[in-house]
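[1] curious how this folds, go ahead:
(2 chains)
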Amino acid sequence: MTTAVTIELPAGAGRSTGAGGAGLRQAMRAEWRKFASLRSPKWSLFVTLVATLLVTYLSTNGALHHNRQWYRGFDPTNTALAGLAVGSLVVGVLGVLAMTGEYGSGTIRSSLTATPRRDVFILAKVIDFALLALVIGMVLSFVSFFVGQAVLSGGGAPSATLSDPGVLRALVESGAFLGLLALFGLGIGAIIRHSAGAIGAFVGCTLLSSILLQQVAGNPARFTPDMIYGNSVASVVRVPGALNSSTGFAYMTLYTVAALTIGVVVLSKRDA
Amino acid sequence: MIVTHGLTKHFGKTLAVDDLSFTVTPGAVTGFLGPNGSGKSTTLRMIVGLDHPDGGRATVNGVPYAQLAWPLREVGTLLDAKAFHPGRSGRDHLRYMATTNDVPRARVDEVLDIVGLTEVAGRRSGKYSLGMAQRLGIACALLGDPGILLFDEPVNGLDPEGIRWARHLLRRLAAEGRTVLVSSHLINEMALTAERLVVIGRGKLIAETSVQEFTAQVQGTSVRIVTPTPQRFVSELSRAGARPSVADDGALVVTGMEASEVGELAAAAALTVHELTPLRGSLEDAFMELTSDAVEYRSSPSPGGDRRPRPIPVLSR
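    Okay, the predicted model is just below:
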């Protein structure tokens, strides 16, 4: 390594004329820079795209060449959006890691000495990640839809168009749902701090909860994120026993706000 | 200026920092000294708001750290060497840090140059050696050109050349009128770098002094005497108000008198002297003595017994 011993510290070199102070605007720009300077999140997003489209293809392809009976109550939109359930899980885990990665690497200490207001720090992360996840969610939702419908109509199965009733609503809500799940993951990450534990908790809350609660009488599984997505948000044809889409979306928003609120409170209270 | 006032911190039942008050003034390197586990790091973390104190407060330039408008431009901090994401390059780490406090981008390359990391700045920081990581940490601290600098064990992992470089840098920063607080568990390192000392043990303040005073307290205060007539010598010394003790080999050790005074006393009383040696305690001995009650993790004595010469008590507290 080089051993420069030059010590040139021009007076005021670090000063700038910016007014105010180290606030949300700076923290948001820094969070974006953090995200953009790592390779792994970019790979994860690529994996998300591939996984989503693959599942969409498999799901729609599997809906081809059935008899008439089979297509009774068939929901082409929902079939095409199946891939997004996988994609949103991956983005949710990315949300967990956006927080736990700070602790695992020790970056949190750099981050919090640079932005000591912890509410500002986490708000910057939330806003940046929300915008990113929203864009990804919308892109994946619409791309999945068009790819899925192309497969369905190409195979002679019933398909949907954007102008069909409820379709646009399902696409927009599904894209936004991915954004919510990403923030839910971020909140879990802020609460649990350790990657393995937080990812476990995230998967437990989203995926395992629906599997477990399906065994319980009274259908409480309909309140789980997994079921809200598959049967309410991403559905155009009503599924019996499921929440309607706006109620489901409201529940998921509630879970996310709760996770983030607890996350902000514990982040502010705990030693970093 | 850094001021702590009654700073207290518990971790479970352990009292890590105990009613700690001290002041660090600009223009000098202040050594923050204490054995391992004495609460140095915790104190530094409380100063920059990473840990919340259970009692008391710490201020930098008169306000709590979290209330500084541009924290990195007022306080530079090196806490532990690896506070970087291993997948992010040193330059990218500095760039995002700079962004948080509107530090001009050109400053990133400037600090990389100061710490000598320009060539490896594009490499992922996970590949850095401990010494390189330490230099990157120092670059982070210098990023905002702050008037106050906190360094936790900055020479850890540096090679001898790096240690000299860091020592020079710290003194230079202080000479520029900055407030520089450097923690260490090595008194000898601090004697070379610092002008002032804050010594703690078990989270409590033991001494707040200058290195010069500390050194003076330690050195040249006792004299070793070998004489064929120790009995008479002891009574003469006692008459002069001194309190001699007997060393293992039968020599007398007298504290609080210069060798010249002992010599004159011997001549006046016509006493034979075979040996008259001014004893110089090392800074290390003094530090051990000072913190001996406050060592958190002590190694048990070796089976062969302690073969080091018994430290001569030199400090009256």
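
[2] could you pull out the strands in the chain for me?
    In the absence of a named chain, chain A is used. With DSSP state E applied, chain A shows no strands anywhere along its length.

[3] try again with chain B
    For chain B, the strands defined by DSSP E cover B:2-11, B:14-24, B:29-33, B:55-60, B:75-78, B:148-152, B:179-184, B:196-201, B:204-210, B:219-226, B:245-246, B:252-255, B:275-280.

[4] same list, those, but as TSV with distance to A:I122 and mean neighbour count please.
    The C-beta positions use only the backbone N, C-alpha and C, and glycine is treated the same way. Output for those, formatted as TSV (distance: least, C-beta to C-beta, whole Å; neighbours: other C-beta atoms under 10 Å in any protein chain shown):
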stretch	distance to A:I122	mean neighbour count
strand B:2-11	24	18
strand B:14-24	26	19
strand B:29-33	31	27
strand B:55-60	23	18
strand B:75-78	20	26
strand B:148-152	24	24
strand B:179-184	29	25
strand B:196-201	33	24
strand B:204-210	35	17
strand B:219-226	53	20
strand B:245-246	63	12
strand B:252-255	59	19
strand B:275-280	56	14
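
[5] so can I have JSON lines of these showing mean pLDDT?
    Written out in JSON lines, the entries for the strands of chain B read as follows (pLDDT from 0 to 100):
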{"stretch": "strand B:2-11", "mean pLDDT": "96"}
{"stretch": "strand B:14-24", "mean pLDDT": "95"}
{"stretch": "strand B:29-33", "mean pLDDT": "95"}
{"stretch": "strand B:55-60", "mean pLDDT": "96"}
{"stretch": "strand B:75-78", "mean pLDDT": "96"}
{"stretch": "strand B:148-152", "mean pLDDT": "96"}
{"stretch": "strand B:179-184", "mean pLDDT": "96"}
{"stretch": "strand B:196-201", "mean pLDDT": "93"}
{"stretch": "strand B:204-210", "mean pLDDT": "91"}
{"stretch": "strand B:219-226", "mean pLDDT": "77"}
{"stretch": "strand B:245-246", "mean pLDDT": "84"}
{"stretch": "strand B:252-255", "mean pLDDT": "86"}
{"stretch": "strand B:275-280", "mean pLDDT": "82"}
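
[6] out of these, nearest to chain A?
    Distance to chain A, taken as C-beta to the nearest C-beta, is lowest for strand B:75-78 among the strands of chain B, at 5.0 Å.

[7] so which elements touch the closest one?
    In terms of contacts (3 or more C-beta pairs under 8 Å, 6 or more residues apart in numbering or on different chains; DSSP states H and E), strand B:75-78 is packed against helix B:130-142, strand B:148-152.

[8] shouldn't A:N219 be in contact with A:L243?
    No - taking C-beta atoms under 8 Å as the definition, A:N219 is not a contact partner of A:L243, at 10.1 Å.

[9] who's more crowded, the two?
    When neighbours are counted by other C-beta atoms under 10 Å in any protein chain shown, A:N219 and A:L243 differ, and A:L243 comes out ahead with 19 against 12.

[10] residue contacts, the closest residue to B:L142 other than its chain neighbours?
    Nearest non-adjacent residue to B:L142, counting by C-beta to C-beta, 6 or more residues apart in numbering or on different chains: B:V111, 4.8 Å away. Neighbouring residues of B:V111 by C-beta atoms under 8 Å, 6 or more residues apart in numbering or on different chains: B:94, B:139-140, B:142-143.

[11] could you dump those to a markdown table with neighbour count?
    Output for the contacts of B:V111, formatted as a markdown table (neighbours: other C-beta atoms under 10 Å in any protein chain shown):
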| residue | neighbour count |
| --- | --- |
| B:L94 | 27 |
| B:A139 | 26 |
| B:C140 | 26 |
| B:L142 | 26 |
| B:L143 | 26 |
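
[12] just how off-centre is the helix of greatest length in chain B within its chain?
    In chain B, ranked by residue count with DSSP state H as the criterion, the top helix is helix B:160-175. Relative to the chain's own centre, helix B:160-175 is displaced by 15 Å; criterion: C-alpha atoms, centre = their mean, to the nearest Å.

[13] on that earlier part again, now the helices and strands packed on strand B:75-78 in JSON lines, with distance to A:V151?
    Listed next are the helices and strands packed on strand B:75-78 as JSON lines, based on distance: least, C-beta to C-beta, whole Å:
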{"stretch": "helix B:130-142", "distance to A:V151": "51"}
{"stretch": "strand B:148-152", "distance to A:V151": "59"}
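
[14] which residues touch whichever residue of the stretch 201-317 of chain B sits closest to chain A?
    Nearest to chain A in the stretch 201-317 of chain B, going by C-beta to the nearest C-beta, is B:G203, at a distance of 15.5 Å. Counting by C-beta under 8 Å, 6+ apart, B:G203 makes contact with B:9, B:15-18, B:20, B:38-39, B:42.

[15] check contacts around the residue nearest the centre of chain B.
    Using C-alpha atoms, centre = their mean, the residue of chain B that lies closest to the mean C-alpha position is B:L33, 3.1 Å off. When contacts are counted by C-beta under 8 Å, 6+ apart, B:L33 is found next to B:40, B:183-185, B:187, B:190, B:197-200, B:287.

[16] can you map out the helices along the stretch 101-250 of chain A?
    Ranges of helices in the stretch 101-250 of chain A, per DSSP state H, counting those that start in this stretch, are A:107-114, A:118-154, A:167-192, A:195-203, A:209-213, A:225-227, A:245-269.

[17] chain B: which of these is closest?
    helix A:107-114 (4.0 Å).

[18] just the C-alpha atoms of the closest one, please, in PDB.
    Presented in PDB, the C-alpha positions along helix A:107-114 are these (Å, rounded to 0.1, in the frame of the first residue of the first chain):
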ATOM      1  CA  THR A 107     -22.100   0.800   8.500                       C
ATOM      2  CA  ILE A 108     -24.900   1.800  10.900                       C
ATOM      3  CA  ARG A 109     -22.300   3.600  13.100                       C
ATOM      4  CA  SER A 110     -21.000   5.600  10.100                       C
ATOM      5  CA  SER A 111     -24.600   6.300   9.000                       C
ATOM      6  CA  LEU A 112     -25.700   7.500  12.400                       C
ATOM      7  CA  THR A 113     -22.700   9.700  13.100                       C
ATOM      8  CA  ALA A 114     -23.400  11.300   9.700                       C
END
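
[19] so does it get close to chain B?
    Yes - Helix A:107-114 comes into contact with chain B when judged by C-beta under 8 Å from any C-beta of the partner chain, the residues involved being A:107, A:109-114.

[20] picking up where we left off before, turn the strands of chain B into TSV, including distance to A:F177.
    Output for those, formatted as TSV (distance: least, C-beta to C-beta, whole Å):
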stretch	distance to A:F177
strand B:2-11	41
strand B:14-24	45
strand B:29-33	51
strand B:55-60	45
strand B:75-78	40
strand B:148-152	44
strand B:179-184	49
strand B:196-201	53
strand B:204-210	55
strand B:219-226	73
strand B:245-246	82
strand B:252-255	79
strand B:275-280	75
